[in-house]
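K.L.:
coords please:
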Amino acid sequence: MRIMSMTLAKAIAALVAAGYAALAQVPATITVQGIGGSSATFSATDLASLPQHTVKVTERDKPVTFEGVLLSDVLAKVTLPTAEKFHKTAASYYMLVEAKDGYRAIYAWAELDSSFMEKPIYVVSGREGKPLDAAEGPFRLVAPGEKRGARWVRQVTALKILQAN
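P.N.:
As a prediction, the model looks like this:
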């Protein structure tokens with residue numbers, strides 16, 4: 001009986017290890033949820049097909065260069081609260097950013113909509129010419145000009161456009 005349970009335990013351990021290995025091979029993605037049920041999913045390859053930008057900023061008093069795309073180019077793939085239809089309600093929308101570790105941050109829609117404010121924010125996948133490491137990436141938001149990095153979310157998994165009720 002003990003031999004059978006050891007064999008079963010080894011089999012379970014092997015299945016768990018195989019499951020983790022399979023998860024590690026799944027390409028990282030960002031899910032973007034717009035309004036009205038629109039959504040899109042982006043892989044690193046998808047983001048690489050968008051116009052690329054180099055972003056030079058200061059992080060923890062040190063100069064750093066990130067590579068990535070404009071957040072507005074990513075958001076453009078879903079339905080957004082823009083145009084005349086949303087003239088009176090656009091300011092009640094916001095973007096919720098979710099990270100792999102459960103961290104969340106909010107951007108007011110007025111900060112993201114160029115008809116309100118010109119403030120570029122980037123979805124980056126590279127730092128100093130190399131892919132972001134596991135602690136930081138594979139995707140990160142970078143908002144140049146913000147004095148604190150609380151909304152420079154690491155390990156971004158989802159962007160959701162929501163309306164305050």
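K.L.:
And the helices in this structure?
P.N.:
Remark: helices of the chain, listed N- to C-terminal, are 2-25, 44-48, 71-75, 109-112; assignment by DSSP state H.
K.L.:
Now the first one: average pLDDT?
P.N.:
By that I understand helix 2-25. In this model, helix 2-25 has an average pLDDT of 48.
K.L.:
ditto for the last one
P.N.:
Helix 109-112 shows a mean pLDDT of 92 in the predicted model.
K.L.:
which of the residues in stretch 45-52 are buried?
P.N.:
By neighbour count with 16 or more other Cβ atoms under 10 Å, stretch 45-52 contains the buried residues 46-47, 50. C-beta coordinates here come from the backbone N, C-alpha and C atoms, glycine included.
K.L.:
hey, where'd the strands end up in this protein?
P.N.:
Remark: strands assigned in the chain by DSSP state E are 29-33, 39-43, 53-59, 62-70, 93-99, 104-108, 122-127, 130-131, 140-142, 156-163.
K.L.:
could those strands be laid out in JSON lines, adding distance to Pro81?
P.N.:
Converted to JSON lines, these look like this (distance: least, Cβ to Cβ, whole Å):
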{"stretch": "strand 29-33", "distance to Pro81": "13"}
{"stretch": "strand 39-43", "distance to Pro81": "15"}
{"stretch": "strand 53-59", "distance to Pro81": "24"}
{"stretch": "strand 62-70", "distance to Pro81": "18"}
{"stretch": "strand 93-99", "distance to Pro81": "4"}
{"stretch": "strand 104-108", "distance to Pro81": "12"}
{"stretch": "strand 122-127", "distance to Pro81": "19"}
{"stretch": "strand 130-131", "distance to Pro81": "33"}
{"stretch": "strand 140-142", "distance to Pro81": "19"}
{"stretch": "strand 156-163", "distance to Pro81": "7"}
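K.L.:
now these in JSON lines, with mean neighbour count?
P.N.:
Formatted as JSON lines, these follow (neighbours: other Cβ atoms under 10 Å):
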{"stretch": "strand 29-33", "mean neighbour count": "18"}
{"stretch": "strand 39-43", "mean neighbour count": "15"}
{"stretch": "strand 53-59", "mean neighbour count": "14"}
{"stretch": "strand 62-70", "mean neighbour count": "16"}
{"stretch": "strand 93-99", "mean neighbour count": "19"}
{"stretch": "strand 104-108", "mean neighbour count": "15"}
{"stretch": "strand 122-127", "mean neighbour count": "23"}
{"stretch": "strand 130-131", "mean neighbour count": "10"}
{"stretch": "strand 140-142", "mean neighbour count": "22"}
{"stretch": "strand 156-163", "mean neighbour count": "19"}
